[in-house]
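>>> need a structure here:
(one chain, ligands or ions: 1)
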Amino acid sequence: MSESPSNRALVLFSGGQDSTVCLAWALERYDTVETVGFDYGQKHLVEMDCRPVVREAIRAAFPDWAAKLGPDHVLALPELARISDTALTRDVEIEMGENGLPTTFVPGRNLIFLTYAAALGYRRGAQTLVGGMCETDFSGYPDCRNDAIQALAHALTLGMDRPFQLETPLMWLDKAATWALADTLGGEALANIVIEKTHTCYRGERSVRHDWGYGCGTCPACDLRARGYENWRAAQRA
Ligand code: ZN
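Predicted coordinates:
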């Protein structure tokens, strides 16, 4: 490796809108960017299928980024599905649970993902991890909060005896601002990749194409994505 470790980043990349924008953000900033995805027994593997398609679309549309885009890694975490009793992995209706969190919530999922990513990053010489966690417009997942992420960065740095940075470029953005960030980073070409190639819908629906992309149009993820898109376009027109 000729470049310094600080110029290598590992992006938690699910194939959804948020992590696609994070990937573009990292490609704009670091010399080498690798991606990691987690197969944890999601009820729908649509997102996983989108991952290589999105990477290829970015590679084709942005030659400068293509030169920096390193290998993709997929880690299987089947035990997470066994432990978690949620709507993503079982046939539970997606709704708000008694604890005020949606039934899609997998306890501590992001902490587990980031810890696995750090172990991989250690091996790959990438101590900057990039993830799409967000406090602003989210469903209340406590492991998306900045305090939790930065506490984990500290624990990883101590526990692996290397300085880990956890970068969360979407932390303080709402969904409209995430669309705008895609536009800033890669213009309409990147916005089009987000619309056409990424997947966010909790129900795994890809047969209906809306202005904002594919999805059922009614689940919480579709609702956020659609409203963010409308607000972004409205701000563009203003
Ligand atoms: Zn949906």
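
>>> For Glu230, give me its contacts.
Neighbouring residues of Glu230 by C-beta atoms under 8 Å, 6 or more residues apart in numbering: Trp212. All C-beta atoms are positioned from the backbone trio N, CA, C, and that covers glycine.

>>> Likewise for Met133?
Met133 neighbours (C-beta under 8 Å, 6+ apart): 110, 143-146, 149, 168, 170-171.

>>> cool, Pro78 as well?
39-41.

>>> Helices - which of these land there?
Using DSSP state H, no member of the contacts of Pro78 falls in helices.

>>> buried subset of these?
40-41 (16 or more other C-beta atoms under 10 Å).

>>> Mind putting the contacts of Pro78 into TSV with pLDDT and distance to Arg123?
Compiled in TSV, these are given as follows (pLDDT from 0 to 100; distance: C-beta to C-beta, whole Å):
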residue	pLDDT	distance to Arg123
Asp39	91	19
Tyr40	83	20
Gly41	74	24
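
>>> Mind putting the contacts of Pro78 into CSV with distance to the ion?
Shown next, in CSV, are these (distance: C-beta to the ion, whole Å):
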residue, distance to the ion
Asp39, 20
Tyr40, 19
Gly41, 19
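
>>> ok, the contacts of Pro78 vs Phe62, which is closest?
Phe62 lies nearest to Asp39 out of these, by C-beta to C-beta, at 26.6 Å.

>>> near the ion, which residues of the chain show up?
Those residues of the chain that sit near the ion, judged by C-beta under 5 Å from the ion, are 201, 203, 215-216, 219, 222.

>>> out of those, who has the most neighbours?
Most neighbours among the residues of the chain next to the ion, by other C-beta atoms under 10 Å: Gly215, with 25 neighbours.

>>> what pLDDT does the residue nearest to that one when sequence neighbours are not counted get?
Distance criterion C-beta to C-beta, 6 or more residues apart in numbering; nearest residue to Gly215, sequence neighbours excluded, is Cys201 at 3.4 Å. Here the pLDDT value assigned to Cys201 is 90.

>>> Now for Trp25: which residues touch it?
Trp25 neighbours (C-beta under 8 Å, 6+ apart): 130, 169, 181, 185.

>>> on that earlier part again, any chance of the residues of the chain next to the ion in JSON lines with secondary structure and distance to Gly121 as columns?
As requested, the residues of the chain next to the ion are exported to JSON lines (DSSP: H, G, I helix; E, B strand; the rest coil; distance: C-beta to C-beta, whole Å):
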{"residue": "Cys201", "secondary structure": "coil", "distance to Gly121": "29"}
{"residue": "Arg203", "secondary structure": "coil", "distance to Gly121": "32"}
{"residue": "Gly215", "secondary structure": "coil", "distance to Gly121": "31"}
{"residue": "Cys216", "secondary structure": "coil", "distance to Gly121": "34"}
{"residue": "Cys219", "secondary structure": "coil", "distance to Gly121": "32"}
{"residue": "Cys222", "secondary structure": "helix", "distance to Gly121": "32"}
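
>>> burial of the nearest residue to Asp211 once chain neighbours are set aside, as a residue count?
If the residues on either side of it in the chain are set aside, Asp211 comes closest to Tyr229, at 6.4 Å by C-beta to C-beta, 6+ apart. The number of residues packed near Tyr229 is 22, by other C-beta under 10 Å.
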